[in-house]
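A.B. asks: this is a predicted model, with the sequence first.
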Amino acid sequence: MKTKLPLVELKNLTKNYDKKIALKNVNLKLENQKIYGLLGKNGSGKTTLIKLINDLLTPSEGEVLIKGKKPGIESKKIVSYLPERTYLDKSLTVKTAIKEFADFYPDFSFKKAKKLLTQLELDENQKILKMSKGMQEKLQLLLVMSRRAELYILDEPFSGVDPATRDDILDLILENFEENSSLVISTHLISDVERILDEVIFIKNGEIVEFSNAEKLREKENASIDEIFRRRFKNAK
Amino acid sequence: MLNKLIKIDLRSTLKIAPILFGIGFFFALVSFFFSKFGDSTIAEVIADISKNFALSFAISGFINVVTRAIGVFWKKLYSDESYLTHTLPLSKKTIYLSKTLATIYSSLIALFVAFIILVVNYNLFENFDALKNFIEATAGVTGGNVVEFLVLIILVFFFEMTTLISVAFCVIILRHSTTNLKATLLSAGSYLAIQAIFLLSLFLIGLFNPEVMELFKNSDSVSADSMKIIFYTAIIVYGLATVVMNCRNIKLLEKGVNVA
């Protein structure tokens, strides 16, 4: 019988920056149709882990497998990634940026993009250069969520968003991510995302210190994920 | 996919040059009209000043394109925009080829536009005979065939340019996988090695061809045949160097990137 390959598998993954160890021997398997919260303090290794999955970093040791294959053309066709920084050419208009995304990603849906344009109140004729940072982040979210990807990876999607808008953005993400897909949200704003998480991954000093079902963890510790996180990470070096 | 990416890279590379070339063209036209129709001292002064401005803008337009192409390579592969470049469903080879081809295309376009500006600036429509005589006289160094001379000169320039571009790309790639010093030394070493191979090739040919050997003894007496051999050797050495350097750059990129 053929065993189903995990969506993402990290095997003994280590990443060093010169002498600093950013990730230490990480082993992890991510499955389909789940929402994962990658939670940790700033500098804990969340972005490093995400960048390794997205082929933006080369592992020092170990390997990253996406559906059994190393990151490459095939994995990039199924992973939709929102980085924590603005990566668009600022001289483009919203419309051109959408067109370019559609040119390169076969799973890009114009229909979704159009719907999101209205929901996010973006003007398709506006130049990115003239948009505020928050608006630029919204545009990137639009581009990422307009794909019918198998895995969405969102790195700090609320960093430039005011607290009042966070819930709206979260609802919009939930509404637009494909039913059979998985979602990884990396954030330190746990209370904002807690309600949607199926699984939680706590990362501390480059190591996975907790990987559990969110509901079971809440029951076991009789506390919210936010509280558990605060307890575990309080005074942590 | 390669064509789509080249289009995007060309747009980024040629962003500023049209402004510089536009100003250059404007001064070339001013120079042209004042030289042709003005007969006062002021008209001559304006024509001379405009001529120099047009020349400066034509040259700076070309330099802008080449330096910008190198900047775009860095920006798209290692700065914020690299987060998009490296997550596109494209191979590293396609990404690299796109940047290289966009650099070559844009440099050739810039060279052509700069040439047009110079044609207007120096009124070469009417002075075509002077240009023709100059080329014919220069072509004498390779035996007098103007077409062969022009083709050889263009190819030597083209391959030397592609070699330099691949060395520049090599510095950028190595800078992100090793120390600055090592990257600079390795890239500069590669370029010096290419020049040394060129000279060594000529020397080896000189062992069998006394006319070429004269080049190493007395550079004033180089024959037309020897000049042709020098041009052909340059084309082969720089052509091969371009292929080897680009293959090495692609291999280095395929090993993976580490984007900050």
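C.D. replies: In hand now; what should we look at?

A.B. asks: now the residue in chain B sticking out farthest from the centre: how far from chain A?
C.D. replies: What lies farthest from the middle of chain B is residue B:40; by C-alpha atoms, centre = their mean that is 39.5 Å. Computed as C-beta to the nearest C-beta, to the nearest Å, the residue B:40 to chain A distance reads 45 Å. The C-beta positions use only the backbone N, C-alpha and C, and glycine is treated the same way.

A.B. asks: and for residue B:21?
C.D. replies: Distance from residue B:21 to chain A, counting by C-beta to the nearest C-beta: 18 Å.

A.B. asks: what's the helix or strand that contains that residue in contact with?
C.D. replies: Per DSSP states H and E: residue B:21 is located in helix B:17-37. Outside helix B:17-37, the residues that touch it by C-beta atoms under 8 Å, 6 or more residues apart in numbering or on different chains are B:43-44, B:46-48, B:50-51, B:53-58, B:60-61, B:64-65, B:68, B:106, B:110, B:113-114, B:116-118, B:120-121, B:123.

A.B. asks: with stretch B:233-248 instead?
C.D. replies: Under C-beta under 8 Å, 6+ apart, the answer for stretch B:233-248 is B:96, B:100, B:152, B:155-156, B:159-160, B:162-163, B:166-167, B:169-170, B:190, B:194, B:197-198, B:201-202, B:205.

A.B. asks: where does the chain dip in pLDDT?
C.D. replies: Since you didn't name a chain, this refers to chain A. Regions of chain A meeting the criterion pLDDT under 70 cover residues A:1-3, A:235-237.

A.B. asks: oops, I was thinking of chain B
C.D. replies: In chain B (pLDDT under 70), the answer is B:142, B:144, B:219-221.

A.B. asks: can you list the buried residues in the lengthiest helix in it?
C.D. replies: The residue-count maximum for a helix in chain B (DSSP state H) belongs to helix B:41-78. Neighbour-count burial for helix B:41-78 flags B:46-47, B:50-51, B:53-55, B:57-58, B:60-62, B:64-66, B:68-70, B:72-78 (criterion: 16 or more other C-beta atoms under 10 Å in any protein chain shown).

A.B. asks: next, the closest residue to chain A within the stretch 151-260 of chain B: secondary structure please.
C.D. replies: Residue nearest to chain A within the stretch 151-260 of chain B (C-beta to the nearest C-beta): residue B:256, separated by 3.3 Å. Using DSSP: H, G, I helix; E, B strand; the rest coil, the structure places residue B:256 in coil.

A.B. asks: nearest residue to the residue in chain A that chain B sits nearest to other than its sequence neighbours?
C.D. replies: Here chain A gets closest to chain B at one residue, residue A:58, 3.3 Å apart by C-beta to the nearest C-beta. Leaving out its chain neighbours, the residue that sits closest to residue A:58 by C-beta to C-beta, 6 or more residues apart in numbering or on different chains is residue B:256, at 3.3 Å.

A.B. asks: wait, the one you found sits on residue A:60?
C.D. replies: No - at 10.9 Å, residue B:256 does not count as touching residue A:60 under the criterion of C-beta atoms under 8 Å.

A.B. asks: how about the host helix or strand of residue B:103: buried residues?
C.D. replies: In this structure, residue B:103 is located in helix B:92-121 according to DSSP H and E. Residues of helix B:92-121 classed as buried under the neighbour-count rule (16+ other C-beta under 10 Å) are B:92, B:94-107, B:109-111, B:113-114, B:116-121.

A.B. asks: roughly how far does residue A:64 sit from residue A:47?
C.D. replies: Per C-beta to C-beta, to the nearest Å, residue A:64 is found 15 Å from residue A:47.

A.B. asks: ignore what I typed, I meant residue B:152.
C.D. replies: 53 Å.

A.B. asks: now do the residue nearest to residue A:58 against residue B:51, distance only.
C.D. replies: 51 Å.

A.B. asks: just residue B:62 next, same as before
C.D. replies: From residue B:62 across to residue B:51, the span is 17 Å (C-beta to C-beta).

A.B. asks: just give me the residue closest to the centre of chain B.
C.D. replies: Central residue of chain B (C-alpha atoms, centre = their mean): residue B:161, at 3.8 Å.

A.B. asks: next up, the contacts around that residue.
C.D. replies: So residue B:161 contacts B:66, B:104, B:107 (C-beta under 8 Å, 6+ apart).

A.B. asks: just residue B:72 next, same as before
C.D. replies: Residue B:72 neighbours (C-beta under 8 Å, 6+ apart): B:9, B:12, B:13, B:99, B:102.

A.B. asks: which members of the residues you listed additionally contact chain A?
C.D. replies: residue B:12 (C-beta under 8 Å from any C-beta of the partner chain).

A.B. asks: now, which of the contacts of residue B:72 sits nearest residue B:1?
C.D. replies: residue B:9 (12.5 Å; C-beta to C-beta).

A.B. asks: tell me the SS of that closest one?
C.D. replies: Following three-state DSSP, we place residue B:9 in the helix state.

A.B. asks: could you find the closest non-adjacent residue to residue A:126?
C.D. replies: Closest residue to residue A:126 apart from its sequence neighbours, by C-beta to C-beta, 6+ apart: residue A:94 at 5.5 Å.

A.B. asks: need the residues of chain A near chain B, please.
C.D. replies: So chain A meets chain B at A:51, A:54-58, A:72-74, A:76-77, A:79, A:81, A:83, A:85-89, A:91, A:100, A:103-106 (C-beta under 8 Å from any C-beta).

A.B. asks: so which of these are in strands?
C.D. replies: A:79, A:81 (DSSP state E).

A.B. asks: just the buried ones from the residues of chain A next to chain B?
C.D. replies: Buried, going by 16+ other C-beta under 10 Å: A:51, A:54-58, A:76-77, A:79, A:81, A:83, A:85-89, A:100, A:104-105, out of these.

A.B. asks: gap between stretch B:124-143 and the chain center?
C.D. replies: 22 Å (C-alpha atoms, centre = their mean, to the nearest Å).

A.B. asks: what's the end-to-end length of that stretch?
C.D. replies: Start-to-end span of stretch B:124-143 (C-alpha to C-alpha, to the nearest Å) is 25 Å.

A.B. asks: surely residue B:89 is within a strand?
C.D. replies: No - going by three-state DSSP, the assignment for residue B:89 is coil, not a strand.
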